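Undergrad: Provided below for reference: sequence and predicted model.
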Amino acid sequence: MQDLTATAFMVPDACFPLRASIDPAVPADRANETPERRRAAWMAAAQAGDRRAYERVLADSVGLIRAVARRQGVGHDQLDDVVQETLLTIHRVRHTYDPARSYDAWLAALAGRRAIDGLRRSGRQAHREVSDEVAVALHPDEQDASAESERAQQARRLRAAIDELPPGQREAVEQLGLKELTLEEAASRTGRSTGALKVNLHRALKALRGRIHGED
Amino acid sequence: MADPHAHDRLIASLGAELAPVRRLRPPWLRTLGWLVVVAVFAVALFARYGTAPMLARWAGAPDLGWAGLGAVLTAVAAAWAAFALAVPGRRTAWAWLPLAPALLWIGASGLGCLRGWVAPATHVASAPEAGDCLFFIIAFSVPLSVLLIALLRRACPLRPVLTAVMVGLASAAASASLLEICHAFDAAATDLAMHALAVGMVVAANAALGGRLLSRESGRAT
């Protein structure tokens, strides 16, 4: 009878290690239950479909993931992204965890990989931002834009003024000023003497000066 | 900084879609599974060519036997290393596992070239015959690599290129082992160079293509 009673108490303890760890009669088990072992047990239960254990192990993993990411050099503003992506990865590859092995090592490997991905992404982004800075530096600013439009306006006014010149003068400006022909070339092309061209150009420039400055 | 409750919400949603999963078998067991397929190829070749020519070659020139053993052990070690590397948290040092058998394989093959006599029931391969060896190794490596990559995609290779190099080495070494069954040529520089070229091509192709396939798998967050 004594033996039976002893057995009756021992079997449940052996079958339910959690109860054994709570029982003050077995302090060795309690001493052995490190946070890592607890996480390993939770993940093993999660693999079997225990939702509560799963949520616990994921919540418990957040701090570890952040620590790994910080060690890898992930910036403060990116830590949460790495945490979220690591949690998603854990979910996808939870079948690869072997409860006989370290949970923390498994988690650290996944978090390390996601941290490196995060750093690469931010590296690429930084590269793009540098390019953007160059683009901004090369892009004409607002003042340049207004100067440009003013120049365009002046050119239009000059063109209009040339068009209003008498035909002889207009011809001299076009051939000598705009097309940059020599006097001889312009003379042979227009059939006028070089002297006449010179006079016409002189008069045209005077008229244009008067027109442009007079308007200003 | 993200919403402080974002993690809690994500954890709750992952918890909501939790389903029981079938745990990945240990790397040694998965290696064994792949080796069974290699063994099937070997049985088919033995059925076609028999064991006698191979054993006669090995008895006459033991270096050929050592090279064959080295190739078999390299295939086993490289496949095991690939399966181990595909499990997060396993040490990268697994990649060194095939080194010793590979040295035996390469060393014994190299020594065979220095012999003054020709092994029994063989002759020195001509260039077209050595080309057949190249074709054999590549032809057998393709299905073996595909199978290994398919098996590894169920795991999570965090070092995809290194894992793919192991895949290439395992497949090429297994193919070279299978070639040993029907390889009627003695070790010679041209044949050895062709083998080395075939192994190099298989490893490089795996590193390029297999690495990409495995990296797509491990790089996917969801």
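TA: Yes, it's here.
Undergrad: Give me the buried positions along the host helix or strand of residue A:150.
TA: In this assignment (DSSP states H and E), residue A:150 forms part of helix A:142-163. Within helix A:142-163, the residues that count as buried by 16 or more other C-beta atoms under 10 Å in any protein chain shown are A:161, A:162. Every residue, glycine included, has its C-beta placed from N, CA and C.
Undergrad: So residue A:158 versus residue A:187, what's the distance?
TA: 24 Å (C-beta to C-beta, to the nearest Å).
Undergrad: Over to residue B:51?
TA: 106 Å.
Undergrad: Same drill for the two, tell me which one is more crowded.
TA: residue A:187 (18 against 9; other C-beta atoms under 10 Å in any protein chain shown).
Undergrad: contacting residues for the more buried one?
TA: Neighbouring residues of residue A:187 by C-beta atoms under 8 Å, 6 or more residues apart in numbering or on different chains: A:193, A:194, A:197.
Undergrad: Can you add pLDDT and secondary structure and give the residues you listed back as a markdown table?
TA: Below are the contacts of residue A:187 laid out as a markdown table (pLDDT from 0 to 100; DSSP: H, G, I helix; E, B strand; the rest coil):
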| residue | pLDDT | secondary structure |
| --- | --- | --- |
| A:193 | 81 | coil |
| A:194 | 80 | helix |
| A:197 | 84 | helix |
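Undergrad: Tell me which residue is most central in chain B.
TA: residue B:170 (0.9 Å; C-alpha atoms, centre = their mean).
Undergrad: residues touching that residue, list them.
TA: Contacts of residue B:170 (C-beta under 8 Å, 6+ apart): B:34, B:74, B:75, B:76, B:78, B:79, B:82, B:98, B:144, B:148.
Undergrad: I'd say the third one and residue B:173 touch.
TA: Yes: judged on C-beta atoms under 8 Å, residue B:75 makes contact with residue B:173 at a distance of 3.9 Å.
Undergrad: of these two, who's got more company?
TA: Per other C-beta under 10 Å, whichever of residue B:75 and residue B:173 has more neighbours is residue B:173, with 31 against 28.
Undergrad: Which residues in the helix or strand hosting that one does the neighbour count mark as buried?
TA: Assigned by DSSP H and E, residue B:173 belongs to helix B:160-181. Burial within helix B:160-181, assessed by neighbour count using 16+ other C-beta under 10 Å, is assigned to B:160-181.
Undergrad: How far off centre is that helix?
TA: Taking C-alpha atoms, centre = their mean, to the nearest Å, one finds the center of helix B:160-181 at 2 Å from the center of the full chain.
Undergrad: and it, what's its mean pLDDT?
TA: For helix B:160-181, mean pLDDT is 93.
Undergrad: Where does the prediction get shaky in chain B?
TA: B:1-4, B:115-125, B:127, B:186-187, B:216-222 (pLDDT under 70).
Undergrad: Might you calculate how far the longest helix that it contains sits from the centre of the chain?
TA: In chain B, assigned by DSSP state H, the helix with the most residues is helix B:127-152. The chain centre lies 10 Å from the centre of helix B:127-152; the measure is C-alpha atoms, centre = their mean.
Undergrad: May I see the buried residues of that helix?
TA: So, applying 16+ other C-beta under 10 Å, buried residues of helix B:127-152: B:130, B:132-134, B:136-138, B:140-141, B:144-145, B:147-149, B:151-152.
Undergrad: For the helix holding residue A:150, name the packing helices and strands.
TA: Helices and strands touching helix A:142-163, by 3 or more C-beta pairs under 8 Å, 6 or more residues apart in numbering or on different chains; DSSP states H and E, are helix A:194-215.
Undergrad: what residues does the helix it packs on touch?
TA: A:157-158, A:161-162, A:164-165, A:168-173, A:175-177, A:183-184, A:186-187, A:190, A:192.
Undergrad: Repeat that for stretch B:66-79.
TA: B:31, B:34-35, B:38, B:54, B:58, B:97-98, B:100-109, B:112, B:148, B:166-167, B:169-171, B:173-174, B:176-177, B:180, B:187.
Undergrad: need the contact list for the nearest residue to residue A:73 once chain neighbours are set aside.
TA: Among residues not flanking residue A:73 along the chain, residue A:119 sits closest, at 6.5 Å (C-beta to C-beta, 6 or more residues apart in numbering or on different chains). Residues in contact with residue A:119, defined by C-beta under 8 Å, 6+ apart, are A:72, A:73, A:74.
Undergrad: State the number of residues packed around residue 50.
TA: Going with chain A. 18.
Undergrad: try again with chain B
TA: 12.
Undergrad: and what of residue A:43?
TA: 25.
Undergrad: Work out for me the element it sits within.
TA: helix A:35-47.
Undergrad: Tell me the buried residues in that helix?
TA: Quick answer for helix A:35-47 (16+ other C-beta under 10 Å): A:38, A:39, A:40, A:41, A:42, A:43, A:44, A:45, A:46, A:47.
Undergrad: Tell me the helices and strands packed up against that helix.
TA: helix A:51-72, helix A:103-138.
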